[in-house]
Structures are given as C-alpha cells and as structure tokens.
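Asker: here are the coordinates; sequence isn't available:
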C-alpha cells in the first residue's frame with residue numbers, strides 16, 4: 001500500500017471520529033438545528049421502508065449519524081473496506097452538513113461567513129471521500145473488468161465462429 005494511503009486515510013477519518021463523538025455527546029444541543037432536516041427525512045424513510053420502525057426524534061438521528069460516522073471512520077482509518085467506508089461517510093456528511101451549516105438562513109454577516117466556511121469545508125471533505133470511494137489502489141475496478149470481460153467474450157465468439165466455419169468446410173469436403 002502506498003505511503004500516501006497509509007497517511008491520508010487516518011487523516012481523513014480523524015475529522016469524522018471527532019464529529020461523531022461530538023454528535024454523541026452534544027445531540028441535545030444540535031437537535032434544534034437538525035429538526036428541519038429530520039422532519040423532511042423521516043417521511044422519506046417511512047415511505048421507502050414502511051415496515052421498519054423509524055425514529056422521529058432528532059436527537060436519536062443525530063446519535064445514529066454520530067455512531068455511523070465513528071464506525072465508518074474507524075474502518076477507513078484501519079483500511080478495512082475503505083471504499084465502502086468512504087461512501088458511508090460521504091452519505092452521512094449530507095444530513096449533518098444540512099443540519100448544522102444552513103448559511104442561507106442566517107442574516108448576521110459574521111455568522112453567515114462562519115456557516116459558509118464550515119459548509120465549504122464539508123463539501124471539500126465530500127470531494128475527498130468521493131475520491132477515496134473510487135480508489136481501487138491500482139487494481140482494476142469493476143468497470144474495467146466488465147469491459148475486459150466483454151472484449152474477451154467478443155474475441156472468443158469470433159474465434160469460435162471461425163473454428164465452426166473451418167470445421168464446416170472440412171465436413172463438407174469429406175461428404176463430397
């Protein structure tokens with residue numbers, strides 16, 4: 001594994017460990033800001049999975065998001081399923097950013113600038129996570145393997161067609 005991956009993954013994950021711990025410790029404080037997000041999110045989840053028990057309390061969702069961030073960050077930092085962990089972290093970043101950094105609702109210029117800075121930071125983290133989620137560590141990805149398999153199948157089909165024509169000519173020559 002490249003040294004850059006050995007260093008970059010734990011560094012990227014460290015933010016999410018800290019953020020997850022903060023979410024678990026301060027869920028009640030964060031909940032009022034998260035309520036508009038959870039109010040929109042809960043009906044979507046209930047519609048998608050009607051039989052599942054879906055919590056409606058914003059504090060519960062904040063704690064769930066914090067626990068998911070800690071678990072996925074630990075997986076990313078240790079190199080266990082780094083692509084999946086990066087995708088999970090990117091997905092968890094969306095509701096937490098929408099809940100905490102809604103700069104467009106703030107009228108105070110100083111607070112708006114702070115919110116916008118944090119929003120941009122989270123957008124940058126999302127970009128890094130997308131890169132990490134697509135990192136195959138130099139091994140062929142699924143798309144490359146699929147193209148390669150299709151090319152090999154076409155080549156084998158041409159070979160089989162050519163062999164079948166040759167065999168047909170030989171059989172025809174023997175019969176005549």
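Answerer: Yes, it's here. In this text the structure is predicted, and so the values were computed from the model without any measurement.
Asker: Could I get the full set of helices for the chain?
Answerer: Along the chain, counting by DSSP state H, helices occupy 3-25, 27-48, 58-78, 82-100, 109-134, 142-175.
Asker: low pLDDT regions in the chain?
Answerer: Along the chain, segments meeting pLDDT under 70 span 1.
Asker: and the chain, what are its domains?
Answerer: As given by automatic domain parsing, the domain ranges for the chain are 3-139, 141-176.
Asker: Now do the same contact list for the residue nearest the centre of the chain.
Answerer: With distances taken as C-alpha atoms, centre = their mean, the residue of the chain nearest its centroid is residue 87 (1.5 Å). Counting by C-beta atoms under 8 Å, 6 or more residues apart in numbering, residue 87 makes contact with 129, 133. Every C-beta, even on glycine, is put in place using the N, C-alpha and C of the backbone.
Asker: And it, how far from residue 135?
Answerer: According to C-beta to C-beta, to the nearest Å, residue 87 and residue 135 sit 11 Å apart.
Asker: again, but for residue 35
Answerer: For residue 35 relative to residue 135 (C-beta to C-beta), the value is 36 Å.
Asker: same question, residue 125
Answerer: For residue 125, the distance to residue 135 - C-beta to C-beta - is 15 Å.
Asker: what's the answer for residue 166, then?
Answerer: Taken as C-beta to C-beta, the span from residue 166 to residue 135 is 46 Å.
Asker: With neighbour numbers in mind, choose between the two.
Answerer: Higher neighbour count among residue 166 and residue 135: residue 135, with 17 against 10, using other C-beta atoms under 10 Å.
Asker: ok, the closest residue to that one other than its chain neighbours - contacts?
Answerer: Among residues not flanking residue 135 along the chain, residue 83 sits closest, at 6.8 Å (C-beta to C-beta, 6 or more residues apart in numbering). Listed by C-beta under 8 Å, 6+ apart, the contact set of residue 83 reads 132, 133, 134, 135, 136.
Asker: just checking, the first one touches residue 84?
Answerer: In this case it means residue 132. No. The criterion here is C-beta atoms under 8 Å, and residue 132 misses it with residue 84 at 10.5 Å.
Asker: Can you add distance to residue 157 and give the contacts of residue 83 back as CSV?
Answerer: Shown next, in CSV, are the contacts of residue 83 (distance: C-beta to C-beta, whole Å):
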residue, distance to residue 157
132, 38
133, 35
134, 31
135, 34
136, 28
